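Engineer: Below are the sequence and a predicted model for it; my questions follow.
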Amino acid sequence: MGRVLEPWARELLRCPATGATLVDGVGPDGEPTLVSTDPVNPVAYPVRDGIPVLLVDEGVPVPRG
């Protein structure tokens, strides 16, 4: 498993598409992700080797419901 992002750094990160805060998540293959808390357009971003990849093109829509 990759390195854990420091809590103080996590608090600074925001979704590049909506500006919403991000929470820890797990992708379909068990890999870590950061998930946007936007109620209309939640998006998951990968975390690779402990580094969040916060690029709009890397975001994957999260099904609501």
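Structural biologist: Nice, I can see it.
Engineer: Which strand or helix spans Gly19?
Structural biologist: Gly19 is part of no helix or strand, with elements assigned from DSSP states H and E.
Engineer: Tell me the spacing between it and Asp38.
Structural biologist: Taken as Cβ to Cβ, to the nearest Å, the spacing of Gly19 relative to Asp38 amounts to 8 Å. Glycine gets a C-beta too; all of them are placed from N, C-alpha and C.
Engineer: Show me which of these two is the more surrounded one.
Structural biologist: Applying other Cβ atoms under 10 Å to Gly19 and Asp38 shows that Asp38 carries more neighbours, namely 16 against 9.
Engineer: distance of the more buried one from Asp49?
Structural biologist: Distance, Asp38 to Asp49, using Cβ to Cβ: 26 Å.
Engineer: now swap in Gly27 and tell me
Structural biologist: 14 Å.
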